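Colleague: This is a predicted model, with the sequence first.
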Amino acid sequence: MSRLTACLAWLVLLAAGCGGARGSSAAERAVGADLTAVASVFPLAWVAEQVAPEARMRLLNEGSQAAHDIELSPDQRAAVESAQVVLYMGDIGYQPQVEQAAGAANGQVVDVAEIAGDARLLRSGGDPHDREGEEHAGEEGAIDPHIWFDAEVMADVALRTGEAFARADPDGAGAYTDNAQDLAARLTTVDRELDELLGGDCEFDEAVVSHTAYAYLVEPRGKEIHGIAGIDPEAGASGGELADLVTEVRDEGFRHVLAEPVEGRRDAEALAAEAGVELLEISPLDTVTAEQAGAGFTDLTREQAQTFATAYGCP
């Protein structure tokens, strides 16, 4: 073999070796690329993506305007049962078909209600704007499922999600743990920001909303909400209840009514128009638009809190 041929052969081997090293590094960077994960609401899908950004994530209510009582297709049910990581709100009656499928899941399951524990779960007390003791049948004592508005709980959910991915993919455990700890710290910071924004003295301690999805956001900070619809967004207000709310808004001097894009919106618009106050936009964040998803859960939570701060007249 000539010296030139030998040198060329050596260069080919060297290039092949370098190419192999680059491919190996790319594979190492794509930790979790072979993992599948399923989440029942947007906040949980966002948490999973922060912890395992390369995992194949499926949001069960993607493209839907509602998350309550979502009905699963056979394909969705199979996805829950076969996913390596499943995140859902827990067995609280919020999404019965998801709860049933999660019970048959073969992968790691992140149960938010279990993580929160009884001490941190809020329950509805019936119709929040009824002053005469009447209650919407079946609502009293129901667990409020909108737990994602408790940033402290979500920090714990982030850590548990890191543990779930680490068990599903031990080779990437270090990356998942680091990501989860970073996310938990960010959520803890958000929790402190919400305390500062809503926890002080404001002009009002109450706000009227189209749907009582925000108790975890405001009640720990000494504020209240009066919902046109209760925990169940399909339970709207009667004509008499709307009339009572108009009187309350006027008597209290409220300047705003808060309305979601869908749930209870028609009643909220009617109330705001009759009372002569401004309608403010809010979102429960269980399902979001593509634009909202791009903003991320933490920024969206801050936006909802700022809207409430406006309604409460916080400085």
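Modeller: Great, that's in hand. Numbers count the residues shown, from 1 in each chain.
Colleague: so residue 68 sits in a strand?
Modeller: No: counting by DSSP: H, G, I helix; E, B strand; the rest coil, residue 68 is not found in a strand; it is coil.
Colleague: Just give the number of residues close to it.
Modeller: Residue neighbour count, defined by other C-beta atoms under 10 Å, stands at 19 for residue 68. Yep, even glycine has a C-beta here, placed from its N, CA and C like the rest.
Colleague: likewise residue 110?
Modeller: Neighbours of residue 110 using other C-beta under 10 Å come to 26.
Colleague: Now the element after the helix or strand harbouring it, going C-ward?
Modeller: Here residue 110 is covered by strand 108-111, with elements defined by DSSP states H and E. Helices and strands here follow DSSP H and E; after strand 108-111, the next one along the chain is helix 112-116.
Colleague: center of this structure - which residue?
Modeller: Taking C-alpha atoms, centre = their mean, the centroid of the chain lies closest to residue 43, which sits 2.6 Å from it.
Colleague: Where does the prediction get shaky in the protein?
Modeller: 1-32, 65, 125-140, 230-236 (pLDDT under 70).
Colleague: quick one on the thing from earlier: name the surrounding residues that touch the strand holding residue 110.
Modeller: 44, 84-88, 90-91, 102, 157, 160-161, 164-165, 167-168 (C-beta atoms under 8 Å, 6 or more residues apart in numbering).
Colleague: try it again with 6 Å
Modeller: If you take C-beta atoms under 6 Å, 6 or more residues apart in numbering as the criterion, strand 108-111 is touched by 85-87, 90, 102, 160-161, 164, 167-168.
Colleague: ditto for stretch 178-196
Modeller: Residues outside stretch 178-196 that contact it (C-beta under 6 Å, 6+ apart) are 50-51, 151-152, 154-155, 158-159, 162, 298, 305.
Colleague: Quickly check the residues you listed for the two that are furthest apart.
Modeller: 162 and 305 (25.5 Å; C-beta to C-beta).
Colleague: part of a strand, is residue 227?
Modeller: Yes: under three-state DSSP, residue 227 falls within a strand.
Colleague: can you give me the helices for the stretch 201-315 of the chain?
Modeller: Using DSSP state H, counting those that start in this stretch, the helices of the stretch 201-315 of the chain run over 215-218, 239-252, 265-275, 290-295, 297-312.
Colleague: tell me the most buried of these?
Modeller: Most buried of the helices of the stretch 201-315 of the chain by mean neighbour count (mean count of other C-beta atoms under 10 Å) is helix 215-218; its value is a mean of 23.
Colleague: Packing partners of that helix?
Modeller: For helix 215-218, there is no helix or strand it packs on, judged by 3 or more C-beta pairs under 6 Å, 6 or more residues apart in numbering; DSSP states H and E.
Colleague: quick one: contacts of that helix?
Modeller: In contact with helix 215-218 (C-beta under 6 Å, 6+ apart) are residues 122, 144, 146-147, 149-150, 225, 308.
Colleague: So which of those are in strands?
Modeller: Counting by DSSP state E, the part of the contacts of helix 215-218 found in strands is residue 225.
Colleague: Just flag the most distant two among the contacts of helix 215-218.
Modeller: 147 and 308 (17.3 Å).
Colleague: now the contacts of strand 108-111 in a markdown table, with neighbour count?
Modeller: Output for those, formatted as a markdown table (neighbours: other C-beta atoms under 10 Å):
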| residue | neighbour count |
| --- | --- |
| 85 | 27 |
| 86 | 29 |
| 87 | 28 |
| 90 | 23 |
| 102 | 24 |
| 160 | 21 |
| 161 | 29 |
| 164 | 24 |
| 167 | 14 |
| 168 | 21 |
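Colleague: Count the neighbours of residue 258 for me.
Modeller: Residue 258 has 26 nearby residues by other C-beta under 10 Å.
Colleague: Quickly list what it is bridged to.
Modeller: Here residue 258 sits in beta bridges with residue 209, residue 280, going by DSSP bridges.
Colleague: hmm, back to that, out of the contacts of helix 215-218, list just those in helices.
Modeller: Secondary structure assignment by DSSP state H places residue 308 of the contacts of helix 215-218 in helices.
Colleague: could the contacts of helix 215-218 be laid out in TSV, adding distance to residue 78?
Modeller: Below are the contacts of helix 215-218 laid out as TSV (distance: C-beta to C-beta, whole Å):
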residue	distance to residue 78
122	33
144	30
146	28
147	26
149	31
150	31
225	38
308	40
